[in-house]
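J.: structure here, sequence nowhere to be found:
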């Protein structure tokens with residue numbers, strides 16, 4: 001009986017599709033929406049509007065997304081999930097970043113880049129042939145998604161933030177310049193990483209960094225326990241003025257590079273091996289004692305290197321103030337360095353970007369994807385550890 005009923009329903013659906021201008025495309029669109037519903041229900045452990053004690057999350061409306069298929073273009077109403085994000089499994093191969101790369105091609109057309117270069121760039125993206133009209137139709141909502149991501153509200157507390165810059169060749173006022181885009185990532189009180197800011201820097205100064213942090217505060221950020229960065233004077237000053245009570249951790253990797261500049265090439269490897277031991281000590285006092293012994297041993301041989309070490313040592317040991325947290329995660333900007341490496345691997349396809357807007361759009365799209373992955377992956381720092389530190393700080 002059930003089999004007969006299902007057969008009748010299927011026949012009705014097929015008759016409905018036959019009345020559409022493109023039956024196969026309409027059928028594919030219907031199937032995609034059904035698959036999304038099933039996938040979201042499994043993700044949330046509850047159907048739409050269903051009251052369930054096993055529910056793990058909630059819907060938050062839908063977003064329209066263009067999806068190009070071999071049968072034609074359809075527009076999907078993709079369910080939005082409040083926490084964790086959601087991207088349908090069947091569109092993961094056509095992510096925002098790929099669309100952003102194609103928009104770079106579009107902007108190159110507008111800025112008069114030669115057709116030959118455009119075709120070479122298109123082929124490197126896996127596009128065999130492309131026209132200005134085709135490119136201009138690709139995902140018009142992309143810029144809006146990027147702006148929403150970059151300006152979204154933030155939590156009031158991020159225990160740790162990391163700040164570092166990407167440098168790319170970007171065309172500006174008819175000149176190709178090496179320009180900086182600063183990326184700020186943070187870990188929230190749930191222990192999850194977030195991308196907090198993607199901001200261009202036309203000059204690295206205290207004023208520009210202060211503007212960066214002011215933007216974060218306008219979006220809701222109030223408290224930071226530890227900020228990890230290199231030792232750019234303007235950046236350090238802006239951190240201290242913008243986040244009162246925040247400790248600054250000088251990235252140990254950048255610090256080592258600053259020290260080793262003053263060591264002869266033949267001695268770099270052996271000295272670096274001893275230098276690393278400072279930040280591998282079990283506690284602050286042990287690290288200080290070891291560093292003092294190292295300074296005494298090499299003061300005569302490498303006076304300038306030892307001077308740099310002595311002047312910056314204290315700032316490089318601030319991570320010891322959070323002994324519960326894995327030191328490898330908060331003693332350097334390596335987390336951001338890995339992220340930058342992945343972005344550069346993709347952005348090198350373009351070479352010289354036609355404008356700052358096109359570059360911001362591209363890396364923002366990559367970072368949106370990483371942010372969604374981080375939200376659904378394991379905690380970067382255990383929530384229980386952060387709650388313990390929070391309770392200790394509140395009691396102090």
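T.: Sure thing, it's come through. These numbers come from a predicted model, not from an experiment.
J.: kindly report the domain assignment for this structure.
T.: 1-89, 252-332 (automatic domain parsing).
J.: what's the most buried one of the ones you listed?
T.: Stretch with highest mean neighbour count among the domains of the chain: domain 252-332 (a mean of 16; mean count of other C-beta atoms under 10 Å). Yep, even glycine has a C-beta here, placed from its N, CA and C like the rest.
J.: endpoint to endpoint, that one covers what distance?
T.: 5 Å (C-alpha to C-alpha, to the nearest Å).
J.: could you give the mean pLDDT of it?
T.: Across domain 252-332, the average pLDDT comes to 95.
J.: can you show me the helices along the stretch 201-350 of the chain?
T.: 206-218, 233-242, 252-260, 265-276, 284-298, 303-316, 327-330, 334-347 (DSSP state H, counting those that start in this stretch).
J.: can I get the domains of the chain in CSV including distance to residue 146?
T.: Shown next, in CSV, are the domains of the chain (distance: least, C-beta to C-beta, whole Å):
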stretch, distance to residue 146
domain 1-89, 13
domain 252-332, 28
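J.: next one: residue 38 from residue 89, what distance?
T.: Taking C-beta to C-beta, to the nearest Å as the measure, residue 38 and residue 89 are separated by 11 Å.
J.: next: residue 267.
T.: Distance from residue 267 to residue 89, by C-beta to C-beta: 54 Å.
J.: hang on, the earlier thing: out of the helices of the stretch 201-350 of the chain, which gets nearest to residue 181?
T.: helix 334-347 (9.6 Å; C-beta to C-beta).
J.: tell me which residues in the closest one are buried?
T.: 334-336, 339-340, 343, 346-347 (16 or more other C-beta atoms under 10 Å).
J.: so how far is it from its chain's centroid?
T.: 9 Å (C-alpha atoms, centre = their mean, to the nearest Å).
J.: can you check stretch 40-51 too?
T.: Chain-centre distance of stretch 40-51: 28 Å, with C-alpha atoms, centre = their mean.
J.: helices or strands up against the helix or strand hosting residue 374?
T.: Taking DSSP states H and E as the definition, one finds residue 374 inside helix 356-376. Helix 356-376 is packed against helix 96-110, helix 142-150, strand 157-172, strand 175-187, strand 193-201, helix 334-347, with contacts defined by 3 or more C-beta pairs under 8 Å, 6 or more residues apart in numbering; DSSP states H and E.
J.: could the ones you listed go into CSV alongside distance to residue 310?
T.: Below are the helices and strands packed on helix 356-376 laid out as CSV (distance: least, C-beta to C-beta, whole Å):
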stretch, distance to residue 310
helix 96-110, 44
helix 142-150, 40
strand 157-172, 25
strand 175-187, 29
strand 193-201, 30
helix 334-347, 24
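J.: among these, which is nearest residue 52?
T.: Per C-beta to C-beta, nearest to residue 52 of the helices and strands packed on helix 356-376: strand 193-201, 28.2 Å.
J.: now do the closest one against helix 142-150, angle only.
T.: Relative orientation of strand 193-201 versus helix 142-150 (axes from the mean of the first three to the mean of the last three C-alpha atoms, to 10 degrees): 110 degrees.
J.: any residues touching strand 193-201, and which ones?
T.: 149-150, 154, 158, 161, 165, 179-188, 208, 212, 215-216, 221, 335, 356, 359-360, 363-364, 367-368, 370-371, 374, 380 (C-beta atoms under 8 Å, 6 or more residues apart in numbering).
J.: so what strands line up beside it?
T.: Note on strand 193-201: by DSSP bridges, its sheet partners are strand 175-187 (antiparallel).
J.: flag the shaky bits of the protein, pLDDT-wise.
T.: Low-confidence segments of the chain, defined by pLDDT under 70: 1-11, 13-14, 68-72, 91-142, 349.
J.: hmm, 90 instead?
T.: 1-149, 164-182, 199-205, 337-378, 392-396 (pLDDT under 90).
J.: quick one on the thing from earlier: out of the helices and strands packed on helix 356-376, which is closest to residue 49?
T.: With C-beta to C-beta as the yardstick, what comes closest out of those is helix 142-150 (25.8 Å).
J.: buried sites along that closest one?
T.: 142, 145-146, 149-150.
J.: can you measure across stretch 217-226, start residue to end residue?
T.: When the termini of stretch 217-226 are compared using C-alpha to C-alpha, they are 16 Å apart.
J.: got the contact list for that stretch?
T.: 151-161, 186, 196, 242-243, 245-249, 318-319, 321-322, 330, 389, 393.
J.: does residue 83 sit in a helix, a strand or a coil?
T.: coil (DSSP: H, G, I helix; E, B strand; the rest coil).
J.: residues contacting it?
T.: 57, 375 are the contacts of residue 83 under C-beta under 8 Å, 6+ apart.
J.: tabulate the buried residues of helix 334-347 (TSV), appending distance to residue 55.
T.: Listed next are the buried residues of helix 334-347 as TSV, based on distance: C-beta to C-beta, whole Å:
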residue	distance to residue 55
334	37
335	32
336	35
339	32
340	38
343	36
346	37
347	40
